[in-house]
Structure formats: C-alpha cells, structure tokens
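J.: Only the shape, not the letters, is given here:
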DNA sequence: GCAAATCGGAACGATTTGGTCCGATTAGCT
DNA sequence: AGCTAATCGGACCAAATCGTTCCGATTTGC
C-alpha cells in the first residue's frame, strides 16, 4: 500500500504545473528546477503523464508540456494510474489478468473488490486543484 | 497502490482461520491445504502475522496458531500492516524516515497526508468478520 | 527419554523499480 | 532554405524489493 517514488514525483510535478498560468508551456527542465526533482527523472515521469493523456506535449525548441485539462478535472487517482498502472489491490481485480491459482474458489475476492472501490474513491475525491493549494 | 502477494495471501489465510471455531489450534499445514496457498509461503505469512500480534503461536507437536482477538476486532488495515509494514503512501508520512530531498519545501505533503488518512480509514472500516462472510 | 510435529529465521533467485543516457523531432534564427 | 539549439521520446542498465524455498530450534506426547 505504498505508492512508488515515480508516482510521488508525478504528484509534485503536476502540482507545480497547476500553479502556473494555464496554457503556458512548461519544459521538463523548468519544472525539475522548481520542484527539486532530478531532471532525468522528471523527464521520465512527464513522459508517462503525457502518454496517459494528462499532459499534452510539444516537441522541438520552444516546446514543452501543458495540462490537458483544467486542474479541477484531474484527480489524484488519475495521476497515480498514469504512472503505476490501474489501481487494483490484487491481480484478480484487474479484468484481464487471471494468474491466481485460487481464483474461482476464493471466498474473499468480492470483499476485496469492495475495499478496492473504497480506496479508489478516496483517491478520486482529491483533485489536482486541491493539491496545488498553498495548504 | 497494489498490495503485495504476501499480504494478499495473509488476508485469505486469516479469513479461513476466522471461519473456524474460535480457540481451535490451526496449523500452517491445515490452513495451507484449505486455502490452496503453498505451504512454505503460508508459514512465512503466518509467522509475520504472529510477530505482529494478530495470531498467537504455540510451538511443538500439537501446536499451531489461533486468532489473538475476536474477528470483529481485527481490520483489513491490521492485516496489511502486519505483512507490509505501516500504511504510508509516501516515505515522508512515516515519522522516522526522512530521506526525501524535497522535505521542508514540499508543498503537497499536507494534502497527501489527508489522502493517506482517507485510504487508511477505508481499510480500517473492513473487519475480518466481514471478510470471513460467505459473500 | 525419545521421536514426531510444528514454528522461526536465514539464504537464494526472480521480478519490478528507479535512474541515466542517447537518438528523433521541431521551432527559431541567420 | 539551411542550420543550430532546444526539447521530447524511447531504450538500456544497475539496484532494491519481493517471493519462494530450505534447514535449524523448540515443544508436546508417548
């Protein structure tokens, strides 16, 4: 139940981006310097955020990133899923993966499913706009 | 945001133990056979559950494990913490660890703290008695 | 006193993760 | 129009964690 360092960095970077004027072009170098995240790591993180559709990227000189949606429309769950993959406490909750030998006779799966929804709901309730607030 | 396989197995084993009459002596071999969890893995998991205080163990022939408390007094969060360690989404939330270079100037930490409490609350709200129900 | 059964901890291999680097692409300037 | 500089995108490699297995310590029952 711990999120990876990359996801942690992703939250920090996204919050920094949300504090900037909307529509401005943010380079990975700029946000890395502002947040203190090492540049190569920031590049990797922002790349994943872009391919997940949370950031839109522009290549070449003068390029960079910008938020794909308003900060209020991006949730903490979105950011975590962009970097870590689907939020599923167990493999058997993800629809496509069935590598659990106990599946079929497992008695606890439905309960875990409910718990997973509760956790996911808690993370979906936190918007990027909130994360960017001064506190 | 995915729990490890060991924690997953721990939930399955604990639910199986809770379905048995309270006070009975359950050996690792018995629960392994009943749940389908490989025996060596079940041993390791139950060892951790015992040292965390969720199970009490008795050594020697005729020994085994039994629940330390009633099933209603054990939460899903307890089981996960016994196997995985404290539920803390980021290192900086755990009090004793301070290996984040951003700490001190980090703007998002208080918000993550609130999110962490929400997740933890969702897991504490699920009791082992519920998990042991037929569905 | 002996033997069987069970827990406890240590060691190994595999998978995932985190970090770094170099190539592809595009705008802006000369 | 060509060139240069800046920036993203993907591939590669080291490190840590996780999962599994095995063997030794301990205790009851005969």
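T.: In hand now; what should we look at? From a predicted model like this one, the values you see are computed outputs, not experimental measurements.

J.: Just confirm residue A:72 contacts residue A:126, I think it does.
T.: No. The criterion here is C-beta atoms under 8 Å, and residue A:72 misses it with residue A:126 at 11.3 Å. The way it works is simple: take the backbone N, C-alpha and C, and place the C-beta from them, glycine included.

J.: more neighbours, these two?
T.: Comparing residue A:72 with residue A:126 by other C-beta atoms under 10 Å in any protein chain shown, the one with more neighbours is residue A:126, at 19 against 11.

J.: so that one sits right up against residue B:110, yeah?
T.: No. Judged on C-beta under 8 Å, residue A:126 makes no contact with residue B:110 at a distance of 11.9 Å.

J.: number of nearby residues for residue A:101?
T.: Neighbours around residue A:101, by other C-beta under 10 Å: 10.

J.: residue contacts, the residue lying closest to it once chain neighbours are set aside?
T.: Leaving aside its chain neighbours, residue A:101 sits nearest to residue B:36 (6.1 Å; criterion: C-beta to C-beta, 6 or more residues apart in numbering or on different chains). Residue B:36 sits next to A:101, A:102, A:105 when contact means C-beta atoms under 8 Å, 6 or more residues apart in numbering or on different chains.

J.: quick one: which of those residues is nearest DNA strand D?
T.: residue A:101 (9.0 Å; C-beta to the nearest atom of the strand).

J.: pLDDT at that closest one, what is it?
T.: For residue A:101, the pLDDT comes out at 74.

J.: hang on, it is in a helix, isn't it?
T.: No. Read with DSSP: H, G, I helix; E, B strand; the rest coil, residue A:101 is coil and lies in no helix.

J.: Check which helices and strands the one helix or strand residue A:66 maps to sits against.
T.: Using DSSP states H and E, residue A:66 sits within strand A:64-67. Secondary-structure packing of strand A:64-67 (3 or more C-beta pairs under 8 Å, 6 or more residues apart in numbering or on different chains; DSSP states H and E): helix A:5-19, helix A:28-35, helix A:39-51, strand A:55-58.
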